[in-house]
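Visitor: Sharing a model prediction with you, sequence too.
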Amino acid sequence: MPRKRGARAIQLGGITLGAAGCSGPLSTLDPAGPSAAVVADMFWIMTAGGFVLFALVMALFAMVYLRPTWGRRVGPYRWIVYGGLGLPAIVLPPLVAYSLWVGERIWPTPERDAVRIEVVGQMWFWSFHYPDHGGHTTVDIIHLPAGEPVEVELTSLDIIHSFWIPRVAPKRDNIPGQVNVMRLQADEPGRLEGVCAEFCGLGHTDMRFEVRVHPPDEMEAAILAEPQGFPPQTPETQPTPEGLAPEPLR
Ligand SMILES: [Cu+2]
């Protein structure tokens, strides 16, 4: 009886720990936007596919173990062809096709009137510039409108960083001298968190930022209520060695 109780406690503990791992401010399995929901679905479907393949292999193993005479009749060549090629051929092609299909649909549909935000990574902080909202700049806090697509332009002024709001969208790199564009959308008003997802030196772990999602008609007031951040140091404003022309950002 005590052994049964112990087993149940371990089982409950495992379920609780498992569930806790699926939530939290940086959990991709607790999506708060359509792109993140697609990623979370893909994770579960890939995991299920892995389990199906594992179950098929274990079923074969069980048959060989329980009925050795059956296994003996199958030659090595057939084991390789049926087990090594046949089983993966059942499970993997549908998963590859699914991942390609998802890859084409992971970003929200482009909208002509999507809100634009320019995101600049710099060791070790983020600047968010809002050309559609008074040209204001905020530091380490990004404001998003709930339920509306946002077009984010990413760049860096020193080394490669990576902009990631795990509950909203997959990450994308901020690369110096280049502008990467991504679209994202947050579902509901509230507070989320984002991180730099590319190791960028000793301050990398502190390169987090807060995500404040507002009802769309309250977003501008929320941005303007923030202190105006220092505009990022662009190559045009940074001192450069004599004779070296600064690289244009775009
Ligand atoms: Cu970093």
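Guide: Thanks, I have it. Keep in mind that what you see is a predicted model, and the values were worked out from it rather than measured.

Visitor: make it CA atoms for all contacts and neighbour counts henceforth
Guide: OK.

Visitor: For this structure, which residues are neighbours of the ion?
Guide: Where the chain comes near the ion, counting by CA under 5 Å from the ion, the residues are 196, 198, 199, 200, 204.

Visitor: Please report how far the second one lies from residue 226.
Guide: Spelled out, that is residue 198. Going from residue 198 to residue 226 by CA to CA, to the nearest Å gives 27 Å.

Visitor: Next, name the residue at the spatial heart of the chain.
Guide: Of all residues in the chain, the one closest to the mean position by CA atoms, centre = their mean is residue 170, 2.8 Å from it.

Visitor: so how far is the lengthiest helix in the chain from its chain's centroid?
Guide: Assignment by DSSP state H gives helix 34-66 as the longest helix of the chain. Helix 34-66 sits 22 Å away from the centroid of its parent chain (CA atoms, centre = their mean, to the nearest Å).

Visitor: circling back: show the buried residues in the residues of the chain next to the ion.
Guide: For these, a burial check counting by 16 or more other CA atoms under 10 Å picks out 196, 198, 200, 204.

Visitor: tally of neighbours for residue 31?
Guide: 24 (other CA atoms under 10 Å).

Visitor: for it, phi and psi?
Guide: phi -70, psi 150 (degrees, to the nearest 10).

Visitor: per-residue pLDDT, the nearest residue to it once chain neighbours are set aside?
Guide: Of all residues beyond its chain neighbours, the one nearest residue 31 is residue 167 (4.6 Å), with distances taken as CA to CA, 6 or more residues apart in numbering. Here the pLDDT value assigned to residue 167 is 95.

Visitor: Where does residue 167 sit: helix, strand or coil?
Guide: coil (DSSP: H, G, I helix; E, B strand; the rest coil).

Visitor: Surely it touches residue 23?
Guide: No: Residue 167 is beyond contact range of residue 23, at 9.6 Å (criterion: CA atoms under 8 Å).

Visitor: who has more neighbours, these two?
Guide: It is residue 167, of residue 167 and residue 23, that has more neighbours when counted by other CA under 10 Å, with 27 against 14.

Visitor: related to what we said a few turns ago, surely the residue nearest to the centre of the chain is in a helix?
Guide: No: assessed by three-state DSSP, residue 170 does not belong to a helix; its assignment is strand.

Visitor: didn't it look like it was pressed against residue 37?
Guide: No: between residue 170 and residue 37 there is no contact under CA under 8 Å: 10.2 Å.

Visitor: how far away is the residue sitting furthest away from the middle of the chain from the ion?
Guide: Largest separation from the mean C-alpha position in the chain: residue 69, at 49.5 Å (CA atoms, centre = their mean). The spacing between residue 69 and the ion, counted by CA to the ion, to the nearest Å, is 58 Å.
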